[in-house]
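**Student:** I would like the atomic coordinates for the input below:
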Amino acid sequence: MTNFSLSLDTKWLPEMEELLEQDGPWHKWELFQLALQAEDSLAIKDFDQLQSLRYLPELEPFPHQTETARRVLHEMRGRAILADEVGLGKTIEAGLVMKEYMVRGLAKKILVLVPASLVIQWTKELQQKFGIPAMAQKKEYMWRQYEVVVASIDTAKRDPHRRHVLDIHYDMLIIDEAHKLKNKRTRNYQFVKEIRKKYCLLLTATPIQNEMDEVYNLINLLRPGHLGHSQSFSSTYVDGKRQAKNSDQLQGEIKKIMIRNRRSDGGVEFTPRRVESIPITLSPEERELYDGVTSFVRDKYRNERGNVNALSLLTLQREVCSSREAAFMTLYRMHQKAAEGSPVREEILKLIECIKRIKTHSKAAKTVELIKQINDKVIIFTEYRATQNYLQKYLSEEGITSVPFRGGFKRSKKDWMTELFQNRAQVLIATEAGGEGINLQFCNHVINYDLPWNPMRIEQRIGRVHRLGQKRDVFIHNLSTIGTIEEHILRLLYEKIDLFEMVIGELDDIIERLAMSKSLESNLVDIIMDSRSEKEMALKLDNIGSVIRSFRHIPAIDNSVVQTP
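**Tutor:** Take a look at the predicted model:
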């Protein structure tokens, strides 16, 4: 029989005697209640509830934002395209989703990739509004040291940073301005595809801009195979690059992965938009240059049709309406490329001589007059870098403080320019880089110095100031030179079809139902270049405007998902 050695542990007796002597504290009602309250506060009573809202006492999201976060969590399993119209708060929706996954213990290592100009803005919003300890990536070691990193996608895709990013398995990846990933052949697309991620959000106000393949490429980043292989997608859903077939079925599939809230859906009140068109009369010297360039463009297009880019020729014509500086730079480059002694070279030299005779700039003078009349902060949008440089110099000579904003600036300089505009300068002169991402609600005046033909770019411009948080009416001042191509486009896009009063989603629906084989921009190029006279061109533009306007009064079948133009 085996013998067992037993010993009595009496170390607990002194503590037990003390508890007996003091009668507790095991039965104190107050401690029990506190313990119960602690457990109750941590308990998730309803899985459909957003737990993160209890940890965000300073944030009051709009109903459409909380509903979006709920749908991403429960219906889309953390992989979605957030495609709200400009100004509806996609960043807030992404922050809610991120916070929710963190609170539930489902996400810890998180990467946010954005354009360089938005890194600091995203970092501040996550820290201040959501209490998320996000860090703006600056040094190589930061990829691994911090759990939530906000970085420029252009930095992340380059070595040595690329190696670190691809070595880490992220719980969540968020990409802002994701429409830049529409082309699967780009380095950005391939890089994002290689990043290992459990959950992924793509944010864009313009998921479809040109072709059907764009939305397929975005969805394929989130759920490869959701729309089938590229060939089966084309055969099932595509009828030409820009036309959809089986659209009801396609919309059903898109709904499963994309959420698009529209301003027209209601629920969010925006301040009114006040639109003003400002006609400008060219000086005799400016008119001589415009007429000369117009003849040059039309002759070159007709003589070299098929071998010349119509859009590039029209760009020269539009540059004349912008500034002599912008036109000069383009003419100079064309002169350099033209053969020595060719008639084209001689024509270009004559146009350059016309530029030298121009001593005043009518549009710039009108802009100064307008800025002084406004007597408040103003954003000026121009299409051309040369015009931007000229305007900054001209405004300075008139005693108006201004700062430039353009795509070539590094992140730190963009942040600095934004800060200077808010606190010191009266005017921000921006190229199209200023039309994406940055929030400037402290300003409520926009001057469209040049007019883009792409309606989505118009909405992106206005969206910098006309967004959630704007408390004042927004004033949009459109400049156009009388008797030029600029005046025709203004009349079509901004008067004939009321583009500025129309939300961009409404225009998307109209263009889709018009079944255009090309983009609106391409159709305009064809009309202008193929018209034999100003009268014919004006008539064609009026016709297309009337058709678009008539479609505004015909309700769309389904506005709940992105329409394919």
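**Student:** For the helix or strand encompassing Val275, which strands pair with it and how are they oriented?
**Tutor:** In this assignment (DSSP states H and E), Val275 forms part of strand 273-280. Strand 273-280 has these partner strands in its sheet, going by DSSP bridges: strand 474-481 (parallel).
**Student:** From the chain's centre, how far out is the strand it pairs with? Work that out for me.
**Tutor:** 21 Å (Cα atoms, centre = their mean, to the nearest Å).
**Student:** hang on, Met76 packs against Ile257?
**Tutor:** Yes: contact criterion Cβ atoms under 8 Å: Met76 and Ile257 qualify, at 6.2 Å. Where you see a C-beta, it was placed from the backbone N, CA and C, and this is true even at glycine.
**Student:** residues contacting Val165?
**Tutor:** Contacts for Val165 (Cβ atoms under 8 Å, 6 or more residues apart in numbering) come out as 111, 143, 156, 195.
**Student:** Same check on Val97?
**Tutor:** Neighbours of Val97 in contact, by Cβ under 8 Å, 6+ apart: 69, 72-73, 78, 201.
**Student:** wait, which of these is closest to Lys138?
**Tutor:** Distance to Lys138, by Cβ to Cβ, is smallest for Leu201 among the contacts of Val97, at 23.5 Å.
**Student:** What segments of the stretch 151-300 of the chain are strands?
**Tutor:** Assigned by DSSP state E, counting those that start in this stretch, the stretch 151-300 of the chain shows strands spanning 169-175, 196-203, 258-259, 273-280.
**Student:** Tabulate the ones you listed (CSV), appending mean neighbour count.
**Tutor:** Listed next are the strands of the stretch 151-300 of the chain as CSV, based on neighbours: other Cβ atoms under 10 Å:
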stretch, mean neighbour count
strand 169-175, 21
strand 196-203, 21
strand 258-259, 23
strand 273-280, 16
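**Student:** Mind pulling up the pLDDT for Gly24?
**Tutor:** Per-residue pLDDT puts Gly24 at 66.
**Student:** Quick one: mean pLDDT for the helix or strand where Glu30 lies?
**Tutor:** Per DSSP H and E, Glu30 falls inside helix 29-42. For helix 29-42, mean pLDDT rounds to 77.
**Student:** That one - contacts with which helices or strands?
**Tutor:** Helices and strands touching helix 29-42, as assessed by 3 or more Cβ pairs under 8 Å, 6 or more residues apart in numbering; DSSP states H and E, are absent.
**Student:** shaky segments in the stretch 201-350 of the chain?
**Tutor:** In the predicted model of the stretch 201-350 of the chain, residues 207-211, 240-244, 266, 305-309 satisfy pLDDT under 70.
**Student:** Go again with 90.
**Tutor:** 204-219, 223-255, 260-273, 275-277, 294-318, 329-330, 332-347 (pLDDT under 90).
**Student:** which outside residues touch the strand or helix carrying Gln336?
**Tutor:** Using DSSP H and E, Gln336 maps to helix 324-337. If you take Cβ under 8 Å, 6+ apart as the criterion, helix 324-337 is touched by 286, 289, 293, 315-316, 319-320, 344-345, 348-349, 351-352, 355, 358, 361, 384, 386-387, 389-390.
**Student:** got it, and stretch 56-73?
**Tutor:** Contacts of stretch 56-73 (Cβ under 8 Å, 6+ apart): 48, 50, 52-53, 78, 80, 82, 84, 88-89, 92-93, 96-97, 99-101, 129-131, 201, 259, 261, 265, 267-268, 468.
**Student:** try it again with 7 Å
**Tutor:** With Cβ atoms under 7 Å, 6 or more residues apart in numbering as the test, stretch 56-73 has contacts from 48, 50, 78, 80, 82, 88-89, 92-93, 96-97, 99-100, 129-130, 259, 261, 267-268.
**Student:** how does the protein divide into domains?
**Tutor:** According to automatic domain parsing, the chain is divided into the following domains: 51-262, 273-278+361-501, 284-357.
**Student:** Including distance to Leu541, could the ones you listed go into JSON lines?
**Tutor:** Output for these, formatted as JSON lines (distance: least, Cβ to Cβ, whole Å):
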{"stretch": "domain 51-262", "distance to Leu541": "21"}
{"stretch": "domain 273-278+361-501", "distance to Leu541": "5"}
{"stretch": "domain 284-357", "distance to Leu541": "14"}
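**Student:** follow-up on the earlier one: narrow the contacts of stretch 56-73 to just the buried residues.
**Tutor:** 50, 78, 80, 82, 88-89, 92-93, 96-97, 99-100, 129-130, 259, 261, 268 (16 or more other Cβ atoms under 10 Å).
**Student:** Please flag which of these sit within strands.
**Tutor:** Taking DSSP state E as the definition of strands, the buried ones among the contacts of stretch 56-73 contribute 80, 82, 259.
**Student:** OK, contacts around the closest residue in space to Lys377 that isn't next to it in sequence?
**Tutor:** What sits nearest to Lys377 in space, not counting adjacent residues and going by Cβ to Cβ, 6 or more residues apart in numbering, is Cys443, at 4.4 Å. In this structure, Cys443 makes contact with 377, 379, 465, judged by Cβ under 7 Å, 6+ apart.
**Student:** same deal with Met98?
**Tutor:** With Cβ under 7 Å, 6+ apart, Met98 has these contacts: 107, 110, 132, 172, 174.
**Student:** can I get those in TSV with pLDDT and distance to Ala538?
**Tutor:** Shown next, in TSV, are those (pLDDT from 0 to 100; distance: Cβ to Cβ, whole Å):
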residue	pLDDT	distance to Ala538
Ala107	96	57
Ile110	97	54
Ile132	96	54
Met172	98	53
Ile174	97	47
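**Student:** could the residues you listed be laid out in CSV, adding distance to Tyr189?
**Tutor:** Output for the contacts of Met98, formatted as CSV (distance: Cβ to Cβ, whole Å):
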residue, distance to Tyr189
Ala107, 24
Ile110, 21
Ile132, 27
Met172, 19
Ile174, 16
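**Student:** coming back round to it: the contacts of Val165 into TSV, with extra columns for neighbour count, pLDDT and distance to Leu59?
**Tutor:** Converted to TSV, these look like this (neighbours: other Cβ atoms under 10 Å; pLDDT from 0 to 100; distance: Cβ to Cβ, whole Å):
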residue	neighbour count	pLDDT	distance to Leu59
Leu111	23	98	23
Trp143	19	96	28
Ala156	21	96	28
Ile195	20	96	28
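**Student:** These in helices, which ones?
**Tutor:** Members of the contacts of Val165 lying in helices (criterion: DSSP state H): 143, 156.
**Student:** Now tabulate the contacts of Val165 in a markdown table and tack on distance to Asp167.
**Tutor:** Output for these, formatted as a markdown table (distance: Cβ to Cβ, whole Å):
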| residue | distance to Asp167 |
| --- | --- |
| Leu111 | 12 |
| Trp143 | 9 |
| Ala156 | 12 |
| Ile195 | 10 |
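**Student:** Redo the strands of the stretch 151-300 of the chain as TSV? Include distance to His477.
**Tutor:** As requested, the strands of the stretch 151-300 of the chain are arranged in TSV below (distance: least, Cβ to Cβ, whole Å):
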stretch	distance to His477
strand 169-175	34
strand 196-203	30
strand 258-259	34
strand 273-280	5
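**Student:** out of these, which comes closest to Met537?
**Tutor:** If you check each of those against Met537 by Cβ to Cβ, strand 273-280 wins as the nearest, at 18.3 Å.
**Student:** show me where the stretch 351-500 of the chain has strands.
**Tutor:** So, for the stretch 351-500 of the chain - with DSSP E, counting those that start in this stretch - the strands run 378-381, 402-405, 427-430, 445-448, 474-481.
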